[in-house]
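Student: What would the 3D arrangement of this be:
(2 chains)
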Number of protein chains: 2
Amino acid sequence: MSQIQLYCMGESGNSYKAALMLELCGFDWKPITVDFFGGQTRTPEYRRDVNEMGEVPAMVDGATSLSQSGVILDYLAEKSSKFGASSPEERREILRWTLFDNHKFTSYIATLRYMIALMKMPESPVTEFLRGRITNSMKIIDGHLASRKFLLGDKPTIADISMVGYLFYEGELPFDVTPNVVAWTERIRALPRWKHPYELMERTKQN
Amino acid sequence: MSQIQLYCMGESGNSYKAALMLELCGFDWKPITVDFFGGQTRTPEYRRDVNEMGEVPAMVDGATSLSQSGVILDYLAEKSSKFGASSPEERREILRWTLFDNHKFTSYIATLRYMIALMKMPESPVTEFLRGRITNSMKIIDGHLASRKFLLGDKPTIADISMVGYLFYEGELPFDVTPNVVAWTERIRALPRWKHPYELMERTKQN
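Tutor: Residues are numbered from 1 along each chain as shown, chains lettered A, B, ... in the order given. So this is what the prediction gives:
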């Protein structure tokens, strides 16, 4: 089996979702560091050869090239038979939370953290807007986790790995994380083989 | 077979994605109008009985209750054997564009249209931010469609139905739609049984 290659960078929580899954499953993989802050993802070459959406992560497994963290997680769950669904209902429940994450949680977190923690931009109407959105989504997730260990109940799945990704960037999150979400984050952190984003992938931002 | 019920409202492009799919496939279904502007989706009852995420659409098909338009589309593609994938590669490609839509296209379009066209809010740093995001995503979609009739090539899938949803609200879109995206929208409009959002679902906003 060939070694899996992950185009990624340490600061990218979406990359981390894929990297964490690769690590938790014990795959043979290596990170290929992408110079996002130097503009690499915006070059015609990157869009042609790696990912037309101009994003990290992208993953190459032999002849298979994938992008979008949700697709990579789905592929790896199938390949490893770990953290995936065991019924059509579970598959839909995983998809439901993965879509909610992409639409209303990660999307706003990634942008707010980029502005405040990485680019050191001042607070603005836009950061206020993003924080409001995060707060709303956090409430929904917190309520769901009030009676559950993981999003689907007793077992962690790729829906958790997707949703939790950015929350391990402690000290870089310019919003409050609610108690049930904190407890759930700690349950993910306790999984065997768990590693922090900056242990799995190289930091690229020059401060 | 019981009649499918769709919790929706005319102004919701995410509801429309589900309604259009139901109509294109010829399902027996009926809309249940949700008073979003009157706050119905934010009530504890709605969150408990219909959708904990506090959103439209939600769909009930006999004993199956679903939310998130991407999940509903996936379910209906399987049930109808229409607009779905015919291989694992196609399934992943559908998921890739559905996630991109949720993360970087519909999310920003829905909010910008809500602010400007529905709530008549003035332009602001937030609307400028949202329009910039839409423009970036539009370029990627436009480039992809330059050499394709539909997102996956020659046949329309639920990825197209997801991505195109909001673009049929002509006159309510406060951003430019690029030529390849316009041409693709017209190909979707030409599908048998296509109907406009306001033909399928009731408008609820009082102007």
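
Student: alpha carbons only for contacts and neighbour counts from here, please
Tutor: Will do.

Student: Distance from the longest helix that chain A contains to the middle of the chain?
Tutor: In chain A, taking DSSP state H as the definition, the longest helix is helix A:125-145. Taking CA atoms, centre = their mean, to the nearest Å, one finds the center of helix A:125-145 at 17 Å from the center of the full chain.

Student: Export the next helix or strand after it to CSV, keeping only CA atoms.
Tutor: Remark: after helix A:125-145, the chain's next helix or strand is helix A:158-164, criterion DSSP states H and E. As requested, the backbone C-alpha atoms of helix A:158-164 are provided in CSV (Å, rounded to 0.1, in the frame of the first residue of the first chain):
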residue,chain,number,x,y,z
ILE,A,158,-16.0,11.4,11.5
ALA,A,159,-18.8,13.9,12.3
ASP,A,160,-17.0,14.6,15.6
ILE,A,161,-13.6,14.8,13.9
SER,A,162,-15.0,17.4,11.5
MET,A,163,-16.8,19.5,14.1
VAL,A,164,-14.1,19.5,16.7
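
Student: Which elements pack onto helix A:158-164?
Tutor: helix A:13-24, helix A:69-80, helix A:88-104 (3 or more CA pairs under 8 Å, 6 or more residues apart in numbering or on different chains; DSSP states H and E).

Student: now what about the longest one, what contacts it?
Tutor: What it means is helix A:88-104. A:70, A:84-85, A:107, A:133-134, A:137, A:151-152, A:157-159, A:162-163, B:67-68, B:70-71, B:99, B:102-104, B:107 (CA atoms under 8 Å, 6 or more residues apart in numbering or on different chains).

Student: Next, find the distance separating A:Gly143 from B:Leu22.
Tutor: To B:Leu22, A:Gly143 is 31 Å away according to CA to CA, to the nearest Å.

Student: Give me the more crowded residue out of these two.
Tutor: Shown here are A:Gly143 and B:Leu22; by other CA atoms under 10 Å in any protein chain shown, B:Leu22 has more neighbours (21 against 16).

Student: Spit out the contact partners of that one.
Tutor: For B:Leu22, the contact set (CA under 8 Å, 6+ apart) comprises B:Asp28, B:Trp29, B:Leu76.

Student: Now do the contacts for the last one.
Tutor: For B:Leu76, the contact set (CA under 8 Å, 6+ apart) comprises B:Met21, B:Leu22.

Student: go with 10 Å
Tutor: B:Leu76 makes contacts with B:Ala18, B:Met21, B:Leu22, B:Cys25, B:Phe27, B:Gly70, B:Lys82, B:Phe83, B:Gly84, B:Ile158, as judged by CA atoms under 10 Å, 6 or more residues apart in numbering or on different chains.

Student: Quick check: the farthest pair among the residues you listed?
Tutor: Put simply, by CA to CA the two of the contacts of B:Leu76 set farthest apart are B:Phe27 and B:Gly70, 17.5 Å from each other.

Student: Any idea how many residues pack against A:Pro44?
Tutor: 13.

Student: which intervals of chain A have sub-threshold pLDDT?
Tutor: A:1, A:207 (pLDDT under 70).

Student: just checking, A:Leu167 touches A:Gly13?
Tutor: Yes: using CA atoms under 10 Å, A:Leu167 makes contact with A:Gly13 at a distance of 8.5 Å.

Student: Now for those two: what residues contact both?
Tutor: Shared contacts of A:Leu167 and A:Gly13, defined by CA under 10 Å, 6+ apart, are found at A:Thr106, A:Ile109.

Student: These two - which one has more neighbours?
Tutor: A:Gly13 (27 against 17).

Student: To which secondary structure element type does the residue nearest to the more buried one when sequence neighbours are not counted belong?
Tutor: Nearest residue to A:Gly13, sequence neighbours excluded (CA to CA, 6 or more residues apart in numbering or on different chains): A:Tyr166, at 4.9 Å. Here A:Tyr166 is recorded as helix under DSSP: H, G, I helix; E, B strand; the rest coil.

Student: so what's A:Tyr166 up against?
Tutor: By CA under 10 Å, 6+ apart, the contact list for A:Tyr166 reads A:11-17, A:105-106, A:109-110, A:113, A:172-173, A:197.

Student: In the residues you listed, find the pair that's most separated.
Tutor: Most distant of the contacts of A:Tyr166, by CA to CA, are A:Phe105 and A:Pro197, 18.4 Å apart.

Student: count of neighbours near A:Lys30?
Tutor: Counted with other CA under 10 Å, A:Lys30 comes out at 16.

Student: again but with A:Ser86, I slipped
Tutor: As a burial measure, A:Ser86 scores 10 neighbours (other CA under 10 Å).

Student: How much space separates it from chain B?
Tutor: With distances taken as CA to the nearest CA, to the nearest Å, A:Ser86 is found 16 Å from chain B.

Student: What's the separation between that residue and B:Phe36?
Tutor: When CA to CA is the yardstick, A:Ser86 and B:Phe36 sit 35 Å from each other.

Student: try A:Cys25
Tutor: As judged by CA to CA, A:Cys25 and B:Phe36 stand 42 Å apart.

Student: now A:Gly38
Tutor: Counting by CA to CA, the gap from A:Gly38 to B:Phe36 is 43 Å.

Student: again, but for A:Leu173
Tutor: In terms of CA to CA, A:Leu173 sits 31 Å off from B:Phe36.

Student: which residues sit in contact with the residue nearest to A:Arg193 when sequence neighbours are not counted?
Tutor: Leaving aside its chain neighbours, A:Arg193 sits nearest to A:Leu24 (5.3 Å; criterion: CA to CA, 6+ apart). Shown in contact with A:Leu24 (CA under 10 Å, 6+ apart): A:Ala18, A:Lys82, A:Phe83, A:Leu191, A:Pro192, A:Arg193, A:Trp194, A:Lys195.
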